[in-house]
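Asker: Below: sequence and its predicted model.
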Amino acid sequence: MKRSSRIALVMMGTSALTLSACEEPKTDTAIFETVEQCIAEQGITAEQCYGEFNAAKAQHAEVAPKYASRADCEADFGAEGCEVSPYRTNAGGSVFMPLMAGFMMGQMMGGRAYTQPLYRSGDDGKNFRTANNRSVGGAIGRTQVAERAAGRPAQKLYTQQRGGFGARARATGFRAGA
Amino acid sequence: MERLPVRPRDNWREVAEEHGFTFHTPDGERYWDETHAYRFTLREIEDDLEEPAEELEQMCFEVVERAVGDEEVLGRLAIPEMFRGYVADSWRNRERNLYGRMDFRYDGTGPAKLYEYNADTPTSLYESAIFQWVWLEQAMEQGLIPEGADQFNSLHERLTGAFGRFGIEGPLHLACARDTEEDLGTVEYLEDCARQAGLATRRLFIEDIGLADNGRFTDLDDEPVRWLFKLYPWEWLMEEEFGSRIPGSGAQFIEPGWKAVLSNKGLLALLWEMFEGHPNLLPAFFEDDPKAASLGGRYVRKPLLSREGANVTFVENGRASTGLDGPYGAEGFVRQALAPLPSFDGRRPMCGVWLVASEPAGMCIREDESAVTTDDACFIPHFILD
């Protein structure tokens, strides 16, 4: 046979719709604003709390979203919600990022969550958000969150400039594909 | 090889929508056309198209091998000086390639002749891999074509397999230019294949790519782009504002940089120079090569970097006729011996043979009324039946 024995599409067409309707699996974790809250939680040692907090704090600057101005950052994370990041703009100016508002415990809570910093946005201050901007609820202490939201956060760079590709497609009027 | 009338499936438009084939009739112009089909024998497919494509691919590798070791050859291909090292490194580092399409003149008699190799940004992929496959199954089921027919089309399983072998960790980004439904359809399909290979994917437009302070490219979430499938030609990327940042970006491109050697009409002249007389090649020369005179008054003049037949001139008996106007030619030309597309009931089919990871993987036939296959051509399905 010179043809594929089967074909499948998981995203294109109508079959993809049924897939996304499935309920998302949840995973066990715990969320705290401070190390003290963590230590007060039964069954977790102070040493574990410091370990998890420090692991989250260490990722903070790398994974938090980046902004060229404090005003842009505060528009998303509220007044007094931002700090200066270790990054620099082309012109040598400061790059801003939201303050770390809490942390999520990792696999020591028995689930598949990844230890990570959490944030609070200005327009949804009751809930925590991951660095990947996924809401994980407002509960302090042991909780369950969507497994997809609790994965390892991606690094966020400070983008100096966009639009440096695409000029020829606009100028020639020809398709890029052939 | 014959062109046969076939009754279209009553509900093919609905089937198309169900399968995400949204560009079957772009701007009201027919593109997918199942009122006819081409029938091939298995021998025609295997001996005349599949095997030659495999052999030509090996010959192309020899051209790349030579080009990356010879500054002068890269210069003749109009590859900018600052990218010559990058292109050579991508080859020496054995960066994997995903796919390409060789376009042939073939009519069922005599050897197929290579017109050109779309090695960098070919489209018509989704309709070749999926919709043509679905057509075959349903046309047999509905008795529109004989039972037991087959098709030269292992594209889907090969694409899915190839994505799994790149060694991609973290997300694969896939980009095309804005406002082109057909390019978007190709990228959506490849994203689907990548997902089926177990990869995490992110889609974006080429215009949205950002540049971070550490020299990395970023997506709209400011996440670094480490693996980028780009349906956007290398010769454009190299010339644009961010082009000079590609070598230092740490991003792996699919197709890799060395495809710039193959998706260039200069390839045709280099192939003829190295494999003169090969039955699947047409004589071709760089225009400034004195040997170009041997073509006499019958040749096709192609800009090195032309797309969709733009700025291609047909010269016959001293008469020149140019197809589509376009912006190409300043980079140089090749002249290729004239071998007009065959005519089947006044329609002119071009046989495109697909390669996935450099192995022959399928075929698409695009038909035009004119001598140059352009973006207005129709896609006609094919089947194999002895």
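Answerer: Yes, it's here.
Asker: Quick one: distance of the host helix or strand of B:Leu56 to the chain centre.
Answerer: With secondary structure defined by DSSP states H and E, B:Leu56 is part of helix B:51-68. If you compare the mean C-alpha spot of helix B:51-68 with that of the full chain, they lie 15 Å apart, counting by CA atoms, centre = their mean, to the nearest Å.
Asker: Report the helix or strand with the lowest average pLDDT across chain B.
Answerer: Among the helices and strands of chain B, strand B:319-322 carries the lowest confidence by mean pLDDT, DSSP states H and E, at a mean of 82.
Asker: A:Met12: what's it in contact with?
Answerer: For A:Met12, the residues meeting the contact criterion (CB atoms under 8 Å, 6 or more residues apart in numbering or on different chains) are B:19-20, B:126, B:188-189, B:192. (Glycine included, C-beta is placed from N, CA and C.)
Asker: For PyMOL, what selects the buried ones among these?
Answerer: Buried members of the contacts of A:Met12 can be picked out in PyMOL with the line below, counting by 16 or more other CB atoms under 10 Å in any protein chain shown:
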select buried, chain B and resi 19+20+126+188+189+192
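Asker: max-length helix in chain A?
Answerer: Taking residue count as the measure and DSSP state H as the definition, the longest helix of chain A comes out as helix A:46-63.
Asker: for it, packing partners?
Answerer: Packed against helix A:46-63 by the contact rule (3 or more CB pairs under 8 Å, 6 or more residues apart in numbering or on different chains; DSSP states H and E) you find helix A:35-40, strand A:82-88, strand A:102-104, strand A:116-119.
Asker: Find the residue closest to the residue nearest the centre of chain A in space, skipping its chain neighbours.
Answerer: When chain A is reduced to its mean C-alpha position, the closest residue under CA atoms, centre = their mean turns out to be A:Asn132, at 1.7 Å. With CB to CB, 6 or more residues apart in numbering or on different chains as the measure, A:Pro153 is the residue that lies nearest to A:Asn132, at 5.2 Å, once sequence neighbours are left out.
Asker: again with B:Phe275
Answerer: Looking at B:Phe275 with CB to CB, 6+ apart, the closest residue is B:Met59, at 5.6 Å.
Asker: follow-up on the earlier one: near chain A too, which of the contacts of A:Met12?
Answerer: Subset of the contacts of A:Met12 in contact with chain A: B:19-20, B:126, B:188-189, B:192, counting by CB under 8 Å from any CB of the partner chain.
Asker: and which of the residues you listed is nearest chain A?
Answerer: Distance from chain A was checked for each of these by CB to the nearest CB. The minimum falls on B:Gly20, at 3.1 Å.
Asker: how near is that closest one to B:Cys364?
Answerer: Using CB to CB, to the nearest Å, one obtains 18 Å as the distance from B:Gly20 to B:Cys364.
Asker: how's chain B carved up into domains?
Answerer: Described in terms of automatic domain parsing, the domain architecture of chain B consists of the residue ranges B:2-263+B:351-384, B:284-337.
Asker: Off-centre distance for the last one?
Answerer: In other words, domain B:284-337. Shown here is domain B:284-337, whose average C-alpha point lies 20 Å from the average C-alpha point of the whole chain (CA atoms, centre = their mean).
Asker: distance between the ends of that domain?
Answerer: From its first residue to its last, domain B:284-337 covers 6 Å (CA to CA, to the nearest Å).
Asker: A:Ile159 against B:Ile209, yeah?
Answerer: If you look again at residue A:159, you'll see it is Thr, not Ile. No - in this structure A:Thr159 lies outside contact range of B:Ile209 using CB atoms under 8 Å: 9.3 Å.
Asker: Looking at those two, which has the bigger crowd around it?
Answerer: The residue with the greater number of neighbours, taking A:Thr159 and B:Ile209 and applying other CB atoms under 10 Å in any protein chain shown, is B:Ile209; the counts read 27 against 21.
Asker: need the contact list for that one.
Answerer: Counting by CB under 8 Å, 6+ apart, B:Ile209 makes contact with A:162, A:164-165, B:175, B:217-219, B:225, B:242.
Asker: Kindly report the same for B:Met238.
Answerer: With contact taken as CB under 8 Å, 6+ apart, B:Met238 is in contact with B:79-80, B:83, B:246, B:260.
Asker: Where does it sit, in terms of helix or strand?
Answerer: Using DSSP H and E, B:Met238 falls in helix B:234-239.
Asker: Now do the SS call for residue 121.
Answerer: Assuming you mean chain A. Under the three-state scheme (DSSP: H, G, I helix; E, B strand; the rest coil), the conformation of A:Ser121 reads as coil.
Asker: I was thinking of chain B, sorry if that wasn't clear
Answerer: Per three-state DSSP, B:Thr121 ends up coil.
Asker: per-residue confidence at the residue of chain B positioned farthest from its centre?
Answerer: Largest separation from the mean C-alpha position in chain B: B:Asp213, at 34.9 Å (CA atoms, centre = their mean). B:Asp213 carries a pLDDT value of 87.
Asker: I'd guessed it sits against A:Arg88; true?
Answerer: Yes - under the contact definition of CB under 8 Å, B:Asp213 touches A:Arg88, with a separation of 6.4 Å.
Asker: Quick check: neighbours shared by the two?
Answerer: A:Tyr158.
Asker: burial of B:Asp10, as a residue count?
Answerer: Taking other CB under 10 Å as the neighbour definition, B:Asp10 ends up with a count of 9.
Asker: hey, what's B:Thr322 bridged with?
Answerer: Per DSSP bridges, residues listed as beta-bridge partners of B:Thr322: B:Thr313.
Asker: For burial, what's the neighbour tally of it?
Answerer: A count of neighbours around B:Thr322, defined by other CB under 10 Å, yields 15.
Asker: same deal with B:Val6?
Answerer: Summarising burial for B:Val6: neighbours were counted as other CB under 10 Å, giving 18.
Asker: Which pLDDT does the model give the nearest residue to it once chain neighbours are set aside?
Answerer: Taking CB to CB, 6+ apart, and ignoring the residues beside it in sequence, B:Val6 has B:Ala37 as its nearest neighbour in space, at 4.8 Å. Per-residue pLDDT puts B:Ala37 at 98.
Asker: Ok, B:Ala310 next?
Answerer: Model confidence at B:Ala310 (pLDDT) stands at 82.
Asker: helix or strand for it, which one?
Answerer: Assessed by DSSP H and E, B:Ala310 sits outside every helix and strand.
Asker: ok, B:Arg226 to B:Leu211 distance?
Answerer: As for B:Arg226, its distance to B:Leu211 is 14 Å (criterion: CB to CB).
Asker: now do the same end-to-end measure for stretch A:59-77.
Answerer: Start and end residues of stretch A:59-77 are separated by 18 Å (CA to CA).
Asker: what does stretch B:90-110 give?
Answerer: End-to-end distance of stretch B:90-110 (CA to CA): 37 Å.
Asker: Of all the residues in stretch B:218-229, which ones are buried?
Answerer: Going by neighbour count (16+ other CB under 10 Å), the buried part of stretch B:218-229 is B:218-219, B:222-229.
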